[in-house]
Structure formats: C-alpha cells, structure tokens
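Participant: Sequence first, predicted model second:
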Amino acid sequence: MTAITKRPLSSRDWFGKTMAGLVLGFFLALGLAGLLRVLVNGGLPFFSARGQLSMWLMAPVWGVILSFCFLFRSSLRAWGWLFLANLPIWCLTALLGGLRL
Amino acid sequence: MKLPTDILKMYKEIHGWVGIISGLALFIAFYAGAITMFEGPLQQWASPPTRLAPAPSLEQTPDLVAKVLAAHPEAAANYTVNLVIDPTHPARVSWVVAEDAEEAEHGGGTIHYASLTPGGELQVETRGPSPVAQFIDDLHRQVGLPLDHEIAMPVMGAVALLYVVAMVSGLIVLLPSLVKDLFILRTGRNVKRMWLDAHNVVGLFSLPFHIIMALTAVIFAFHDQFYMAQGIAFDKSGGPVRAAMGPAPAQGAAPSALSPLDLLAQIRTQVPEFQPFQLAYAHLPNGRAVVRVSSGDPDYNIRTPLYGLVTADPVTGKVMSVDYMPGRQDGWSASVTSFFALHYGSFGGTPVRWAYFLLGLAGAFLFYSGNLLWVESRRRRERKGGAVEQTRATRILAALTVGVPVGCVAGIAVTVAAARWLGDGATLGMHSLIYHALFLACTAWALWRGAARAGWELPLVACLAMLTIPLAGLTAGGNWEQPPSLMLIDLVGLCLAAMLAIVSQAARRRWRTGPRDSVWGTGASLSAG
C-alpha cells in the first residue's frame, strides 16, 4: 500500500504565496499587456483605444493570479512557477521589439 | 462538483480573512455607489434655486464669454458653455479654479458660474448647485476614507484586490454544494444557516455584477500606476502623452473661436446624429486649443465614456476625433467604453439604473452578512475551545459590524437631508463633517454598548435619520421649483426607514431571547464583559 505522502494544502504559507502573486502576478500582467501592445498596437499613441485596452487587460490577469496563487504547494513553488511563466512572455515581447530599452 | 477537502478548507479560511478585512469598506463603497445611480435626481432635489440672472440666449453667449475672459483671464484655459440650462446647470458659462492640475483632474476646485444681468453686466457666482451628490460619489470612490486622493486610492485598490480574492474564494467554497443549496433558504431554528443561505444566493446571483465591479475597481484605483509601469517598460516615446492630436499651433495671436451657434452648425453637418449638451473649451498638453462637445450630462460621472464626446477645433469647427462618440467608435474603443458603462450602469436607461441600485444594495447586504457569519463562526469555534464568554476581538468586530454600516446609512441620510436646510451655503466640507460626525458617533456607540444592544438601537437611529429626508423635503425649500417626480426620493427614504424599523424590531427580539454566549444575546455587551 502506498500512503499519500503529499502534505495537504493549507493557508499557512499565505504570506509568501500572496507576495509571489502580488509581485510576479503584476509582472505577468504587465508582460501580457506589453505583448498585446506590440501585437496589435504597434506605434499608436499611448492613450489610443488599443493602448487603453492593453492596460485594462492587467486587472483580470493580476486578479486571477492573486486568487489562485494559493494553490501552489509552497511559497517557494509559487515564486518559481510564476517566474517561469513570466520568462516566455517577456522574452517574446522583447523579441518582437516591444520593450523600451 | 467535487473538490479536494484541503483546497476547500484553505479557501474557506482565505474567504473569511479577506472578507473580514475588506467587508466594512466594501459595504460603504456599495451603499454609496448604489445611491450614485441617482446622483442626477438627488442633486436636483438638493439644489437651491439659483441666484443667477436668467441665462442669456445662445446668440448673446459670445458677449458673455468675451466679458468673462476680460474679467477672469484664467478662465480661458478651461471653460464650459452649457447648451441646456436646468437646476443643476444654472449658468450658461462656468469654469473651475483649482489649486493644481491634480485637483482639477479629480473634480476638485471652486466652480464659478457666470450670467448677464438684464442690463448686460457680468454676474459671477461661486455658489451653485448642491455638492451633496459629489460628496456621496467621493465617499463611494474612496471607500469612506476622508483622506487625500493619493493616499485613499492605493487603499481603495487594496480593498478591490481583496474583493477579487474574496469573490473567487467564495465561489470555490460554494461550488461543491452549489446544486444542492442553490434554491434553498432554510428559515428554521438555525439562524446562522439562514444567513449563510441568503449570503450564498445573493452572492451567486449577482456574481456577474461583482466580477465587473471588482475588475473595474482595480483599474480605477491603479490606472495611473499601470500606465506608468507600461510607460517605463514599453513606451519608446518616453512615457505617456495624453491625446496628442497634431502639432501645436504657430505662436502668435490666437485666432478667435467660432460662436457657439456657428460651432453647433458645423458639428451638425459633420455628425448629424449627435445631440450636443455642453461645450468644454480646453487646451491639449501641446498647447493646441480644442472644444469637447458632449452629449448627455457629464457632471454626474467621472469619465468620458459615460456620455458621448466629439472633439473639435474651436476655430474652424472641424471635428478632430469621434473616439468617444457612441455609434462612431471602432471595436477597440467601444470595448473600452463598455467597461466604463458596465461599472456606471450607464446603458439601457432608467431600468438598468434601478437594477444597479438594487444590485448595489444587495452587494452591501452581501458584505454585511459576510461579517455576521464570520462573527458567528468565531463564536462556535471559541465555544468548542471551552470559552463561555466571547473574546474581546470578536466582540469588537461584532460591534463594528453593526456600527460601521448603520453609521454609513444614517450619515448619508442626514447629510442629504441637510442639503435642503443649508441651501446654497452648503459646501463639500460641511457635508463631510455632518456625515462623519454621525458615522463616528454610531461606531463609538456600538463599541460602547456592544453589538447586541446597538444591534437594535442603531437601526432605530438610522430609521430616524432616514426620516429626515422626507421631513426636509416637506419643510425646507418649500419655494424650490422642483418636478413632482423628485418626490420619489422622499418616498425611497420612507421605504428605507420602514425597513430599518423592521430590522430594529427583529434585532431587539434576538437581543431579548438570543443565546447567552452569542454576541447578539444579552450577556455579551462590551460594558458588561
């Protein structure tokens, strides 16, 4: 018989997970907004409708990550996975020339 | 739907904590927000008759504008010509003098109203329509915090994020028993069960409304920071530049603007379906003069997508932008506009306003009931732990759960009624003082008397406070010319007063007969504990 060795989830780690969700969730939202800007908005003024829409995108992305970051097994995993999720988005945005630099 | 028990348990704890932290602030935001649905009628109800001479006709308006600009050159940067004159827009020409740009952007500053006397003299007044609607709007936007905009906004944003988490976690907790519990309201001996059923059913059925409110509230709080971060990360032109439309005009004597009638004629030939309401003359950051022509009433709202807007050149009358004009927007602009409209309920007319009013009140109930349930489950846990008396923290929280919402309801009622007695001497500061005096008094009373006793005493106070609205309607400002439809405000005040009286009765019964260890029973007032 194999016993279930996984430690059950609890809200004990809430601070680390919340911080990961707040900080890396924000960067993920920002990165996605930047990706959207470079894909649909190339060169239009900042406050154009498309620019505004990419800003609005940040609220649902940030909110969803903040709500579900508690599902990570530990705060270390939360930081790790969210960091990994940020990588391709920011790299793609940079490759497409969306970064200010 | 089945979910692992550890996830459920975790989200139940999260739901409780984020709810208890943000619940009271959200109650204020939702109650005040529900009232802002009728900001227009409320402002009309509260506004004294104007002291201004009757507004000059549109033909005479260029004369008025010239006299205003000669006597008050600071108005040239930013002034408004009202095409429709009514009690909340008594002046043909008005302008705002603000301390700084930040204040001006968020609706602060002193409004000046101008008219022409029958002899053709310029008349300028700073006393105008009642500021009480603006006060309630501020209360709504700053979740009741009487702080500077820059300090209140991040707090409001934090509350909005907690609200998002509370919503998602609440939904997760509800999922497993969703089908079983949905249409059941168990009104048996177990009072807590009834409150929980009510909390669940209200929360679930207004979920789309809450998703909209939570996400838009996050944006309203943090849009400056979001734009700034985007500017730092992505913008190659070096930061946000608002609405840059074409090059700045050559230096030299500014060519004179078209008269309002000529401008309207120009606009009509270019966008015939547009119904102008107001002309706002302004300058873009690059110094170029523009006139923003709006349809509908911008005063009751915060931002342009609530009413139609056409930007035109004041000199030639040529339309420069229809980005905010309903029916002429492209898909991107229309999408962004829809977010604003969904928050403000500015679509579908009066039925949607009433629906949003009721949904807002339901939201306030959701947060109030959430707090009650938290207090009740603390009681159970503590009793299991062997405690006979409630802990101090639970008693304080129970008292705040009664004092803050009732204080908010009573404070708003009295400050609205006071508008009729104060007349045109009313200022934002006075309304704020009246509201906060009542709010703090109710909260202090609840802390002193304990939740159980304050639980029926304070609703009685709020009931009397609510009655001051019809009383003010009957006794003060009898000579004010007002359409009979505004009687609806007095009527809603009466209905809410009756509801508060019923609440008070029920809470009193509970106080007499409730269990001794309950915060709602006789044994648990703070003074006795």
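Facilitator: Structure received.
Participant: List the contacts of residue 37.
Facilitator: As the question left the chain open, I've gone with chain A. A:50, A:51, A:54, A:98, B:230, B:234 (C-beta atoms under 8 Å, 6 or more residues apart in numbering or on different chains). C-beta here means a position set from N, CA and C on the backbone, and glycine is covered the same way.
Participant: um, chain B though
Facilitator: B:345, B:353, B:354, B:356, B:357, B:360.
Participant: among the residues you listed, which are in helices?
Facilitator: If you go by DSSP state H, the contacts of residue B:37 have B:353, B:354, B:356, B:357, B:360 in helices.
Participant: from the residues you listed, which is closest to residue B:60?
Facilitator: residue B:353 (35.6 Å; C-beta to C-beta).
Participant: Pull up the gap between the closest one and residue B:137, please.
Facilitator: Per C-beta to C-beta, to the nearest Å, residue B:353 is found 15 Å from residue B:137.
Participant: Ok, residue B:11 next?
Facilitator: For residue B:11 relative to residue B:137 (C-beta to C-beta), the value is 34 Å.
Participant: Any stretches of the stretch 151-300 of chain B with poor pLDDT?
Facilitator: Within the stretch 151-300 of chain B, the stretches with pLDDT under 70 are B:237-255, B:296-300.
Participant: okay, now residue A:15: neighbour count?
Facilitator: Neighbour count of residue A:15, defined by other C-beta atoms under 10 Å in any protein chain shown: 10.
Participant: What separation do you get for it and chain B?
Facilitator: Per C-beta to the nearest C-beta, to the nearest Å, residue A:15 is found 12 Å from chain B.
Participant: Could you count how many residues lie near the nearest residue to that residue once chain neighbours are set aside?
Facilitator: Leaving aside its sequence neighbours, residue A:15 sits nearest to residue A:75 (C-beta to C-beta, 6 or more residues apart in numbering or on different chains; 7.3 Å). Residue A:75 sits with 20 neighbouring residues when counted by other C-beta under 10 Å.
Participant: roughly how far apart are residue A:75 and residue A:19?
Facilitator: Counting by C-beta to C-beta, the separation of residue A:75 from residue A:19 is 7 Å.
Participant: And the pLDDT for residue B:463?
Facilitator: On pLDDT, residue B:463 comes in at 96.
Participant: mind listing what residue 53 touches?
Facilitator: Using chain A. Applying C-beta under 8 Å, 6+ apart, we find residue A:53 in contact with A:36, B:332, B:335, B:336.
Participant: actually chain B
Facilitator: By C-beta under 8 Å, 6+ apart, the residues touching residue B:53 are B:115, B:116, B:117, B:118, B:123.
Participant: Please flag which of those sit within strands.
Facilitator: Among the contacts of residue B:53, the ones falling in strands (DSSP state E) are B:115, B:116, B:123.
Participant: can you give me the strands in the stretch 151-300 of chain B?
Facilitator: B:278-283, B:289-295 (DSSP state E, counting those that start in this stretch).
Participant: Does the longest one reach chain A?
Facilitator: If I follow you right, that is strand B:289-295. No - with C-beta under 8 Å from any C-beta of the partner chain as the criterion, chain A is not reached by strand B:289-295; the gap is at least 14.4 Å.
Participant: And chain A, is whatever helix or strand comes next after that strand touching that?
Facilitator: Using DSSP states H and E, the next helix or strand after strand B:289-295 towards the C-terminus is strand B:308-312. No - for strand B:308-312 and chain A, the contact criterion (C-beta under 8 Å from any C-beta) is not met; the two come no nearer than 12.7 Å.
Participant: Could you list every helix and strand in contact with strand B:308-312?
Facilitator: The helices and strands touching strand B:308-312, judged by 3 or more C-beta pairs under 8 Å, 6 or more residues apart in numbering or on different chains; DSSP states H and E, are helix B:260-270, strand B:289-295, strand B:319-324.
Participant: Spell out which residues of the stretch 1-150 of chain B are next to chain A.
Facilitator: So far as C-beta under 8 Å from any C-beta goes, the stretch 1-150 of chain B lies against chain A at B:4, B:5, B:6, B:7, B:9, B:10, B:11, B:13, B:14, B:17.
Participant: The second one: what's it in contact with?
Facilitator: Residue B:5 is in contact with residue A:8, counting by C-beta under 8 Å, 6+ apart.
Participant: All the helices of chain A, residue numbers only.
Facilitator: Counting by DSSP H, chain A has these helices, from start to end: A:14-40, A:49-56, A:58-68, A:75-95.
Participant: Name the residues of the longest one that are buried.
Facilitator: Going back to what we said before, that points to helix A:14-40. The neighbour-count criterion (16 or more other C-beta atoms under 10 Å in any protein chain shown) identifies A:14, A:16-18, A:20-21, A:24-38 as the buried residues of helix A:14-40.
Participant: that older thread, need the ones in helices among the contacts of residue B:37 in TSV (columns: pLDDT).
Facilitator: Shown next, in TSV, are the ones in helices among the contacts of residue B:37 (pLDDT from 0 to 100):
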residue	pLDDT
B:353	88
B:354	92
B:356	94
B:357	94
B:360	96
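Participant: still on that earlier bit, looking at the contacts of residue B:37, spot the one nearest chain A.
Facilitator: Closest approach between those and chain A, by C-beta to the nearest C-beta: residue B:345, at 18.2 Å.
Participant: Touching, that closest one and residue B:352? I think so.
Facilitator: Yes - Residue B:345 is in contact with residue B:352 according to C-beta atoms under 8 Å; the separation is 5.2 Å.
Participant: OK, contacts around the residue sitting nearest the centre point of chain A?
Facilitator: Centroid check for chain A by C-alpha atoms, centre = their mean gives residue A:28 as the closest residue, at 2.6 Å. With C-beta under 8 Å, 6+ apart as the criterion, the residues that contact residue A:28 are A:61, A:62, A:65, A:82, A:85, A:86, A:89.
Participant: just the buried members of these?
Facilitator: Buried members of the contacts of residue A:28, counted by 16+ other C-beta under 10 Å: A:61, A:62, A:65, A:82, A:86, A:89.
Participant: between these, which is nearest chain B?
Facilitator: For these, the nearest to chain B is residue A:62 (7.1 Å; C-beta to the nearest C-beta).
Participant: what's the closest non-adjacent residue to that closest one?
Facilitator: Setting aside the residues directly before and after it, residue A:62 is nearest to residue A:29 in space (C-beta to C-beta, 6+ apart), at 4.3 Å.
Participant: ok, so of the ones in strands among the contacts of residue B:53, who is nearest chain A?
Facilitator: Chain A has its nearest neighbour among these in residue B:115, at 35.6 Å by C-beta to the nearest C-beta.
Participant: so what secondary structure elements neighbour the helix or strand hosting residue B:464?
Facilitator: Assigned by DSSP H and E, residue B:464 falls within helix B:451-475. Contacts defined by 3+ C-beta pairs under 8 Å, 6+ apart place helix B:451-475 against helix B:392-422, helix B:428-449, helix B:487-513.
Participant: mind checking which of the ones you listed is nearest chain A?
Facilitator: Counting by C-beta to the nearest C-beta, chain A lies closest to helix B:392-422 out of the helices and strands packed on helix B:451-475; the figure is 18.5 Å.
Participant: Okay, buried residues for that closest one please.
Facilitator: B:394-420, B:422.
Participant: Next, work out how far apart the nearest residue to residue B:470 once chain neighbours are set aside and residue B:420 are.
Facilitator: Spatial nearest neighbour of residue B:470, excluding adjacent residues (C-beta to C-beta, 6+ apart): residue B:490 at 4.0 Å. Residue B:490 sits 11 Å away from residue B:420, going by C-beta to C-beta.
Participant: list residues touching both of the two?
Facilitator: In contact with both residue B:490 and residue B:420: residue B:473, using C-beta under 8 Å, 6+ apart.
Participant: can you list the domains in chain B?
Facilitator: Following automatic domain parsing, chain B resolves into domains at B:49-129, B:388-529.
Participant: Can you give the distance from the longest one to the centre of its chain?
Facilitator: What separates the centre of domain B:388-529 from the centre of its chain is 19 Å, taken as C-alpha atoms, centre = their mean, to the nearest Å.
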